[in-house]
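> Okay, sequence plus prediction incoming.
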Amino acid sequence: LIAPAELRAESFVRYPPQARSFAVANLPVLQRMPLILIALILRQAIQYDWCFPAERGQLSRQLDLMGRMDVALFDALMAPFSAIQLSSELRALDWVNQPQHFSEQLTAYLWSQHQIDRYHEAAEGYQQSLQKTLAEKPVVTPRWTLVTVGQGAPKTELPMFRRLLPHATLFTNVDPAGGLEVLLAEIGSRARQYSLEYGHWYIEGGEPHADSNGVPGLTVMSYASLVPATKREFTLLNQFANRTDGGGKVGVEAVSSYVAGLNPDDLGLKGTSADEVLRHFEVNVLTQGAGCQIYSTTFVQWASRECLHRAQPLTLFARFATRQKSAPMEQLLARDPLQQPQDPEGSLTDADMGAYYTWINQSRLAGAEQSRFLVWFEGHSVVCAVSPTLPRGTTSMASANMQQVLEWMR
Amino acid sequence: VPRNQKTVVVTFGGGARDEETFAPEGQENIPHLMKELIPQSTFFTQVVNRGILGHYVATASLATGVYERFDNFADVAPENPTVFEYFRRGLGRPVNDAWVIAPSNGFNRMGQSGGGAFAPGFGARVVLPKHLLAAALGKTSNNPSGLEFLLQDNYEDILFTPPSVQNEIQLSKLAEMLHLSAVDFTHHAQTLSSADELSAYVMRQLMRQFAPSLLWITLHDMDVAHTGAYSLYLEGIRRTDRLCAEIWQMIESDPEYKGRTTMLILPDFGRDSDFSPSGNGFQHHRTGDPLSRTTWMMAMGPHIRQNTTVDRALDSVDLVPTLGAMMNFPTPSAKGRPIVEVL
């Protein structure tokens, strides 16, 4: 049981190497933080070795800023967190070495004490204050997010892209021929032109398209390649969840903590030291996202959200595929999702919503007003595009091809 | 208040957002509520849940009129007295006059409080239709029956196993009470498409056998939203919409209920906003943002004003004192206030 003010360099001896250095370098500011906030910061800091460059930069800027603040300003920023009373049980937890576990217990406590709204207000105020003070890091070029939905789906009567329409131009007469190749060429070109580690992504709901092979600077992640890891995850979880603990089954919190502790080796994700950050990201996606293990549409939506939130890429290509048909959870957890009957119509609805969420998540990033967003009903003539160069809330029936639409968006 | 007045409470143990229900863009998902039930009801546009947004603890809070604070996944009874105990003790009603039909993920303890304010024995009977079906399937020789989809359970944590059912009345006894043979029950189940339909079917049996005066049913299909599949969430809402209309038809076509029953329909809470950065939209209800806390309620019955909308904000815990005031029993520990518009 220690208080933040009692933190020493030795407190972080169990941290991975880069995380330890980062924590020690920022010790003076960490020592001044209230427990709630420091545990949140440490939850991210303990993962520092596997953070994306954008996350590392953000964390460093945040702590630098707080380190430079005068006492009055710092105390004012911390006050809403300090005002939340914590139980002695929470204070006694090992929040230095297990910040994730502390965070889970804290959330349960805040809900039970009806303090969760105060906590959210404090966190929101903190974020807004930092955003105001920290100069937004300029983006070297506007972000582009390209999304395709309805892979393999027949023509539909469903109204598409309804939520995006007020912000976009809807093109209803786009020649679908070669559209996918044009989009892949675009992301490849951007990856070559704007070299940035983890700056260009392709997230695929099925098997990755052959044109993405070997594109330099492009990070590729696919549902098909991660399905074996999801099976492994379920096996491990079942083993853990069914383990008896003092006569009873282990609780939900214990299962959550166990999941949070899984690493790439546990899930059989092999790679090189060069892509260790990506392997850890894949584990995070699979262990933190509900439903992305069983439904490919949920996978693409959640992975895109996390990618935008964490890696803050310049380019994202998210390609939704069909998901398996619904079934009882026991079957969904046990069977191979790639070998089941698919639900094309349901998948289209899921992906339509997923595309909208992807646009919202892109809109939260720096340079949002200059960002470009395109979603295409793959294989069909409907494209919805958001760009400062295009009018909003309009429909264009002009005959076009995909390349032309991209040009109009530049 | 007539002596033989009855009340049916329908809650959705899977939050639904306004966007997918009563907001203009959501109304296509609820044609029955919009066209059949709203014209007959007083509709409250804002019911705010200020408690823990987990389905069991929130539903238990609805039933006690106090924001319960227990772990949503724990096998515990509500701390505060339930409306069923108030009802039975206050009006001296027998055990079969108050029933709860609930999804099986932990709701088995919600019929009776555990805080000691009431001696055991005044609670509601709780029936978990999925347990009933599972038991029936075990007795029939046709397994696998293809009915596993009706046993679909908790969506909130996919590896969470519901706690063992300790207080449930013996399944065989219940089946006997409902005059259900395992074969008939299984056969009927084969005509259904979801777990909530099974609950509605069991409700019909209960109404026929016991005609309880206080009947509480919690529907749960729409909580499939936790898997992130928007289409399945919408499907759950549409099914719930249809089932609400069917439940009202059941009431109106049963002589024991027709013309003397008040029905209250309300989700336990909403789901996260699309724009809450810490959430993931419709998928969960974790942020505590206004959209996840705010929902609606529909009241209908012989003493309820029809085609009326009330925009003032209610609190979720207002339900119990309202039921007490409607049915004339005291609810001393409940924290809310009676909703005057339905009295």
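Great, that's in hand.
> Excluding chain neighbours, what is closest to B:Glu25?
Leaving out its chain neighbours, the residue that sits closest to B:Glu25 by CB to CB, 6 or more residues apart in numbering or on different chains is B:Glu19, at 6.3 Å. The way it works is simple: take the backbone N, C-alpha and C, and place the C-beta from them, glycine included.
> Now do the SS call for the one you found.
Here B:Glu19 takes the helix state, with states given by DSSP: H, G, I helix; E, B strand; the rest coil.
> Give me the neighbour count for B:Ala136.
Taking other CB atoms under 10 Å in any protein chain shown as the neighbour definition, B:Ala136 ends up with a count of 24.
> show me the contacts for it.
The contact partners of B:Ala136, taken as CB atoms under 8 Å, 6 or more residues apart in numbering or on different chains, are B:Ala175, B:Leu180, B:Ala182, B:Phe185, B:Thr186, B:Ala189.
> now, the most widely separated pair of those?
Using CB to CB, the two most remote members of the contacts of B:Ala136 are B:Ala175 and B:Ala189, lying 12.8 Å apart.
> thought the residue nearest to B:Glu25 was touching B:Gly26?
Yes. With contacts defined as CB atoms under 8 Å, B:Glu19 counts as touching B:Gly26 at a distance of 5.2 Å.
> residues near the residue nearest to B:Glu25, how many?
Here the number of neighbours of B:Glu19 (other CB under 10 Å) works out to 19.
> same check, this time on the one 10 residues further on
Applying the criterion other CB under 10 Å, we find 22 residues in the vicinity of B:Asn29.
> what's the closest non-adjacent residue to it?
Nearest non-adjacent residue to B:Asn29, counting by CB to CB, 6+ apart: B:Ile237, 4.8 Å away.
> Near chain B, which residues of the stretch 101-250 of chain A are found?
Listed as neighbours of chain B in the stretch 101-250 of chain A under the rule CB under 8 Å from any CB of the partner chain: A:108, A:111-114, A:116-117, A:120, A:123, A:162, A:234, A:237-238, A:241, A:249.
> can you tell me which of the residues you listed lies nearest to A:Gln131?
Of all those, A:Ala123 has the smallest distance to A:Gln131: 12.6 Å, by CB to CB.
> now that we're looking at the closest one, how far away is B:Lys35 from it?
Applying CB to CB, to the nearest Å, one obtains 43 Å for the distance of A:Ala123 from B:Lys35.
> Repeat that for B:Arg88.
In this structure, B:Arg88 lies at 37 Å from B:Lys35, with CB to CB as the measure.
> thinking A:Gly268 is in contact with A:Lys231, fair?
No. Using CB under 8 Å as the test, A:Gly268 is too far from A:Lys231 to be in contact (9.0 Å).
> In terms of neighbours, single out the busier of those two.
A:Lys231 (18 against 11).
> what sits against that one?
A:Lys231 makes contact with A:Asp336, according to CB under 8 Å, 6+ apart.
> helix/strand/coil for it?
Secondary structure for A:Lys231, judged by three-state DSSP, is helix.
> And it, what's its pLDDT?
The score at A:Lys231 is 93. That number is its pLDDT.
> From A:Gln293, how far out is it?
Summarising the geometry, the distance separating A:Lys231 from A:Gln293, computed by CB to CB, is 9 Å.
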